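1. Need a 3D model of the sequence below.
(chains A and B)
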2 protein chains.
Amino acid sequence: MSRFLRVIPVKEAVASLLSVARDPGQETVRLAEAPQRILEGDIIATHDMPGFTRSTVDGYAVISSDTAGAGESLPSMITCTGRVEMGSSDPGVILPGECRYVPTGGMVPDGADAVVMIEYTETAGDQVLVMKPAASGENVVAPDEDFRAGEVILRSGAMILPQEAGVLAAAGVMTVTVRRIPRIAVIATGNELVPPTADPLPGQVRDVNSIVCEAFIRQCGCIPIPCGIVLDDTESLASAIIEAVSFSDAVFISGGSSKDERDATAAVIADLGRVLVHGIAISPGKPTIIGEISNCPVIGLPGHPSSAFIVLRAITAPLLEAMSGTSNPVMTCTSTLDSVIPSAKGREDYVRVRVTGDTATPLFSKSGLLHTLVQSDGYVLVPAESEGYEAGSEVEVILW
Amino acid sequence: MSRFLRVIPVKEAVASLLSVARDPGQETVRLAEAPQRILEGDIIATHDMPGFTRSTVDGYAVISSDTAGAGESLPSMITCTGRVEMGSSDPGVILPGECRYVPTGGMVPDGADAVVMIEYTETAGDQVLVMKPAASGENVVAPDEDFRAGEVILRSGAMILPQEAGVLAAAGVMTVTVRRIPRIAVIATGNELVPPTADPLPGQVRDVNSIVCEAFIRQCGCIPIPCGIVLDDTESLASAIIEAVSFSDAVFISGGSSKDERDATAAVIADLGRVLVHGIAISPGKPTIIGEISNCPVIGLPGHPSSAFIVLRAITAPLLEAMSGTSNPVMTCTSTLDSVIPSAKGREDYVRVRVTGDTATPLFSKSGLLHTLVQSDGYVLVPAESEGYEAGSEVEVILW
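-> Purely as a prediction, here's the structure:
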């Protein structure tokens, strides 16, 4: 393989990765687990809702014609025959000249066609004085006024937000078919890596990328499947990838940091499937690999954690969000640079910055160091056609 | 109690609720569970990181003075004594006139003080021709260059994002003390309510508010504790609230829809603790109750699901986010109203709207109906001092 990568623009790399996104399929879950999931298939009302004639106010259920002409000076006198209790299924019947107290949400008795708000009434013994005429249907909800049997309540593809879950509960829908949550395998490779639990010897480093990937995958609405650290030889890597492809919807390999290791990863992917991209015009993150094995997208991330993190944000987030159906809103702020950001034309530069008040300070460091990741508040994106920004420029900071 | 509520502005209601917010305390979790949590206490590096002298490139570790004056026309000839393997703790020693191949991230041998990128070298047998002089320290990371032992890695109060989790892994921090996730009890009350699993008789309705509250609480980074449906009498309600206060950081009561039921809830809260607010200048949602029992905030939500949902968004979200330390970014769009939104002065109106292209259509319905909740994309907020918006007005829609 050539020493120099054939790099492609970020936009093309993302499009290439999205072209191999796979449908994670469906599963049926309890309603309590449905919020934040994507509905698969329309939900149809099986019965009228609310299913009975309901009062929208505290007041008296009346026959509206009994209140015709009522006013403060000449109220209608109507005989109260009692009180409808909340939840009662037997509110009785109203005959002409009669009314019955109904609380908000209570069932309106047969015969009545309106409810007079209590604010417009006075009582004298069992007589109710109505000061205002009621129109037929006033303060009353018809049995099918919320949803009619057969009506679509929620459309396929909708995200089930809290209010949608409530409507499903109202309709008695206790299990919901939703999009499966994509499962993303995370493989770390590199002979220098030890698990974070270990005390590294000189020359060894703890595996940082696995936990960054796992947390990021979760943030994008997917389930990470940690696959541990794999030795950096072709056989170990190939068998780990074959296994990961068999049970996941995408495979992230946080590759070694040296060129030899990256080439080994690309060779294994090419051998098992195909390599779509090897090299992206992005800094940091240039040696990223995008491939596909058995209809499963496989991404080879750079070994340096800070590079891997930028690639997660810029390249893989669109894949994860497309597969999970979620989206992380991007938060930004406008700041003034306090020093220059130089950038080479032809690549997108993701420059980490710290934000203090209205000021953004670029944080540069040697590659492979971690501290800029936790000391930065976000990054400034320098487009491929730009040569950077002067000190004093106003820039948009994309916050972590 | 008076029939008419003493209403207070939304801002005051939120401030009142925040004034009784309680600290959920701390817990220690495994690093894998730490992402998205709030760090309690500074994290200090216990050792230098990376802990050894590391190469940032693929190249040859050299003594920089051996490359003085090197150029393409007159390269320095240096004897290659071998190759440092990734992860090797014994990279050997470099003597004057010697160099050794080091991959990116590999350990730099003792004696060497720089690494020459492979791009600036050629090999001839065991001789390496260096075409460019290396400065001392070039392409090399010092053992304490990322973090020094004793240095603060992460400050107390930081949200642990994926990259922070990575740095904790690098530092070997396997358990993290974080803010406890607030637990919010959810009580439904109303004699008309049946569980969503039941077939309601006429006059009964399925409990919608519990699942809306539970999903919303989760969205705000808290853990909902479902407490079921409680009969609408003082004793049942009081004992349910006493129990809920004992194990939770806040109690949400989705109260009955009638005035009598709401007054009963307020009376029980007043009896067990104190009522801070009963009545907010918000529509829908006016009969909301804010109280405190044994240092635990207690909120009485309106009975109508659509009113309860608006109160969850407008009043309780700031409490949940303050206690959990998370924040849900507010997404908005600018739209043109296709019909008038009338509003009474003196209250904030939350008018649900459907958004189609650039147009927002206000959705009005009788109180207690659910369909506007799932047919709307968000709401337009009419401030207390406004009398509404004309058709054709440009408005900001706050999306769900």
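2. does chain B sit close to stretch A:305-313?
-> Yes: judged by Cβ under 8 Å from any Cβ of the partner chain, stretch A:305-313 comes into contact with chain B at A:305-306, A:309, A:312. All C-beta spots, glycine's among them, are computed from the backbone N, C-alpha and C.
3. Now which of those residues would you call buried?
-> Among the residues of stretch A:305-313 next to chain B, those classed as buried by 16 or more other Cβ atoms under 10 Å in any protein chain shown are A:305-306, A:309, A:312.
4. Which members of these occur in helices, if any?
-> Among these, the members falling in helices (DSSP state H) are A:305-306, A:309.
5. okay, the buried ones among the residues of stretch A:305-313 next to chain B in TSV with distance to residue A:178 next?
-> Shown next, in TSV, are these (distance: Cβ to Cβ, whole Å):
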residue	distance to residue A:178
A:305	33
A:306	35
A:309	30
A:312	25
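6. Mind putting those into a markdown table with distance to residue B:118 and pLDDT?
-> As requested, these are exported to a markdown table (distance: Cβ to Cβ, whole Å; pLDDT from 0 to 100):
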| residue | distance to residue B:118 | pLDDT |
| --- | --- | --- |
| A:305 | 23 | 93 |
| A:306 | 22 | 92 |
| A:309 | 26 | 96 |
| A:312 | 28 | 98 |
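7. wait, is residue A:241 part of a strand?
-> No: Residue A:241 is assigned helix when assessed by DSSP: H, G, I helix; E, B strand; the rest coil, not a strand.
8. how deep is it tucked in, by neighbour count?
-> 27 (other Cβ atoms under 10 Å in any protein chain shown).
9. same deal with residue A:253?
-> Residue A:253: 28 surrounding residues under other Cβ under 10 Å.
10. State the distance from it to residue B:68.
-> In this structure, residue A:253 and residue B:68 are 41 Å apart, going by Cβ to Cβ, to the nearest Å.
11. now residue A:65
-> As for residue A:65, its distance to residue B:68 is 109 Å (criterion: Cβ to Cβ).
12. Domains in chain A, by residue range?
-> According to automatic domain parsing, chain A comprises the domains A:10-25+A:181-324, A:26-48+A:160-179, A:54-141, A:332-399.
13. so of the ones you listed, which one's packed in deepest?
-> domain A:10-25+A:181-324 (a mean of 21; mean count of other Cβ atoms under 10 Å in any protein chain shown).
14. Straight-line length of that domain, end to end?
-> Its start and end residues considered, domain A:10-25+A:181-324 measures 21 Å (Cα to Cα, to the nearest Å).
15. ok, now stretch A:85-103?
-> This stretch, stretch A:85-103, spans 7 Å end to end (Cα to Cα).
16. Check which helix or strand the residue nearest to residue A:192 when sequence neighbours are not counted maps to.
-> In space, and not counting its chain neighbours, residue A:192 is closest to residue B:87: 3.6 Å by Cβ to Cβ, 6 or more residues apart in numbering or on different chains. Under the criterion DSSP states H and E, no helix or strand holds residue B:87.
17. Hmm, residue A:200 and residue B:87 touching each other?
-> No: under the criterion of Cβ atoms under 8 Å, residue B:87 makes no contact with residue A:200, lying 9.1 Å away.
18. So which of the ones in helices among the buried ones among the residues of stretch A:305-313 next to chain B is the closest to residue B:113?
-> Comparing these against residue B:113 with Cβ to Cβ places residue A:306 closest, at 24.5 Å.
19. for the closest one, what are its contacts?
-> Counting by Cβ atoms under 8 Å, 6 or more residues apart in numbering or on different chains, residue A:306 touches A:284, A:352, A:367-370, A:372-373, B:163.
20. Now do it against residue A:190, distance only.
-> In terms of Cβ to Cβ, residue A:306 sits 16 Å off from residue A:190.
21. need the contact list for the closest residue to residue A:242 other than its chain neighbours.
-> Excluding its sequence neighbours, the residue lying closest to residue A:242 (Cβ to Cβ, 6+ apart) is residue A:272, at 6.6 Å. Shown in contact with residue A:272 (Cβ under 8 Å, 6+ apart): A:238, A:241-242, A:245, A:293-294.
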